[in-house]
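A.B. asks: Build me a model:
(2 chains)
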Amino acid sequence: MSSSSSKAAARAQKAAEMRAVQEKREARRRILTILGVVVAMIAIVGGAILIGKIQTDKEQDELEAGIPAIGKSDYGLVIGEEDAPHSVIIYEDFLCPYCGQLEAATRDNLAELAAEGKVRVEYRPFDLLSQMIETDYPIRAANAFAVVRDTAGDEAAKEFHDLLFERQPTEGDEDSYLTDDELVALAVEAGATEADVRGGIEGLDQEGWVDGATAEARESGVSGTPTVFVDGEVFQTGGGVDGLARGIIGAVD
Amino acid sequence: MLRALRECSEARATLAHVWKGLAWLGLLARLVTGGVWIVAGALKIADPAASVEAVRAYQLLPWSVAEWVGLALPALELVIGLALVLGLFARGAAAISALLFVAFIVGIASVWARGIEINCGCFGGGGYDADAADQYPWEIARDVALLAASLLVVCVRRTRLALDSVLFDRRPDEPVEVAEGAEN
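C.D. replies: Presented below is the predicted three-dimensional model:
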């Protein structure tokens, strides 16, 4: 054996060792890179969920703290006994389709439960949609509601409120919006006197009341309709309006 | 015999050509799909409450599950979009992207079938929309196209200009240098 061939063998062995070390290092680097990227991705998504959760919870708490308690709003229509064990507050716009569906699904039940003394219900109509879809119908309808209430009292106003939702026009379809004459006719149907309400409905006499109701809702943080509070807490359940309706009735019955 | 060999090598050359083309097509698919995800996620991430509402409007998930999905989706979309555009874990990102598109297609088809009229909430917004029914076919077509693009990225394995190639491709064996006389 010549010393040069043993040298060559040693060199080859050394090279193989170094290659193995390098491969090991390479494998480590890959694993660390993968881990790092995965951790970063999870951290981003997890962080966003956490921040979002905190933010939405805070908004909800502020909303619950921000609205006037039942019977304490200047713009609500209350039915039911004061000492009823449960309370339901419904913010609504006379043009909002989901409000109409919710009304159809809950109104009779809520009226019955209120009559039985099980719940106190406050309807707080305001103008959410006039700016969103550029129509004055929500203002005219809410104005008419206030005129009827002013001249014919709460009972007629509740009846008029129910009729407005029963004959609710289609959101976005100008031709379906009730005319002043039709609003007057509904008011009379609800128990008001035409001579008392016509001027106020045509002249938007209660527009200031509508503005006030809208300002109160907005300042409380109500940003959509229908927004429902059961016993002071924002009430939400799955299953759309039907689920919401079932939930409300279930919670107070 | 010789002719068969030549044909075979020609076929292999064509295949390599097609493969190369696919790798570029995969890059295009990554950029388009990733770009859409980034836009969709960015438009929604600042308003988590609206995102939750948009998910709930589908009336598919239980109330509390919809909340978590609504909170997670914008960030997930952003991360998937970035991963696709950069080509970082491109195949994995494309696989999740494809799953999300399947979920969205099912969701839109389901509200369409149930006659619920909502804005899909894909790029923010959501909730009731009067002309929703006219939009549904286009939204589904768009999601099917993006689903196909995502699947392409999954199939092609290595697309062009992907960060994956820099990070994970085995480098050609660097000559191991053993300094002369190291054994001295």
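A.B. asks: need the contact list for residue B:159.
C.D. replies: B:23-24, B:26-27, B:29-30, B:87, B:90, B:153 (C-beta atoms under 8 Å, 6 or more residues apart in numbering or on different chains). All C-beta atoms are positioned from the backbone trio N, CA, C, and that covers glycine.
A.B. asks: Which element, helix or strand, includes the closest residue to it other than its chain neighbours?
C.D. replies: Spatially, and ignoring its direct neighbours in sequence, residue B:159 is nearest to residue B:26 (3.2 Å; C-beta to C-beta, 6 or more residues apart in numbering or on different chains). Residue B:26 is part of helix B:2-45, with elements assigned from DSSP states H and E.
A.B. asks: helices and strands around that helix, which ones?
C.D. replies: Here helix B:2-45 touches helix B:48-56, helix B:63-86, helix B:90-114, helix B:132-156, going by 3 or more C-beta pairs under 8 Å, 6 or more residues apart in numbering or on different chains; DSSP states H and E.
A.B. asks: how does it look with 10 Å?
C.D. replies: helix A:3-66, helix B:48-56, helix B:63-86, helix B:90-114, helix B:132-156 (3 or more C-beta pairs under 10 Å, 6 or more residues apart in numbering or on different chains; DSSP states H and E).
A.B. asks: was I right about the residue nearest to residue B:159 contacting residue B:90?
C.D. replies: Yes. The criterion here is C-beta atoms under 10 Å, and residue B:26 meets it with residue B:90 at 8.1 Å.
A.B. asks: what touches both of the two?
C.D. replies: Here residue B:26 and residue B:90 have B:153-154, B:156-159, B:162 as joint contacts, going by C-beta atoms under 10 Å, 6 or more residues apart in numbering or on different chains.
A.B. asks: Can you add pLDDT and distance to residue A:75 and give these back as TSV?
C.D. replies: Formatted as TSV, those follow (pLDDT from 0 to 100; distance: C-beta to C-beta, whole Å):
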residue	pLDDT	distance to residue A:75
B:153	94	56
B:154	94	57
B:156	87	62
B:157	77	64
B:158	81	65
B:159	86	60
B:162	90	60
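A.B. asks: Report the buried members of those.
C.D. replies: Among the shared contacts of residue B:26 and residue B:90, the ones that count as buried by 16 or more other C-beta atoms under 10 Å in any protein chain shown are B:153-154, B:156, B:158-159, B:162.
A.B. asks: out of the contacts of residue B:159, what pair is the most spread apart?
C.D. replies: Across the contacts of residue B:159, no pair lies farther apart than B:24 and B:90, at 13.8 Å, counting by C-beta to C-beta.
A.B. asks: Give the residues shared as contacts by the two.
C.D. replies: Common neighbours of residue B:24 and residue B:90 (C-beta under 10 Å, 6+ apart) are B:156, B:159.
A.B. asks: Neighbour count: the two, which is higher?
C.D. replies: When residue B:24 and residue B:90 are compared for neighbours, residue B:90 comes out ahead with 28 against 13, by other C-beta atoms under 10 Å in any protein chain shown.
A.B. asks: Each with direction, which strands does the worst-scoring helix or strand of chain B on mean pLDDT pair with?
C.D. replies: Sorting the helices and strands of chain B by mean pLDDT, DSSP states H and E puts strand B:127-128 at the bottom, at a mean of 72. Paired strands of strand B:127-128, with direction, are strand B:118-119 (antiparallel) (DSSP bridges).
A.B. asks: Just the residues contacting the strand it pairs with, thanks.
C.D. replies: A:240, B:54, B:56-59, B:107-108, B:111-112, B:125-132, B:135-136, B:139.
A.B. asks: Poorly predicted segments of chain A, please.
C.D. replies: A:1-3, A:237-240 (pLDDT under 70).
A.B. asks: Now do the strands for it: every range, in order, please.
C.D. replies: Applying DSSP state E to chain A gives strands spanning A:77-79, A:86-92, A:119-125, A:227-230, A:233-234.
A.B. asks: now for the third one, which elements pack on it?
C.D. replies: Applying 3+ C-beta pairs under 10 Å, 6+ apart, one finds that strand A:119-125 contacts strand A:77-79, strand A:86-92, helix A:97-115, helix A:137-152, helix A:154-166, helix A:207-220, strand A:227-230, helix A:240-252.
A.B. asks: separation between the nearest residue to residue B:88 once chain neighbours are set aside and residue B:94?
C.D. replies: Distances taken as C-beta to C-beta, 6+ apart place residue B:163 nearest to residue B:88, at 4.6 Å, with adjacent residues excluded. According to C-beta to C-beta, to the nearest Å, residue B:163 stands 14 Å off from residue B:94.
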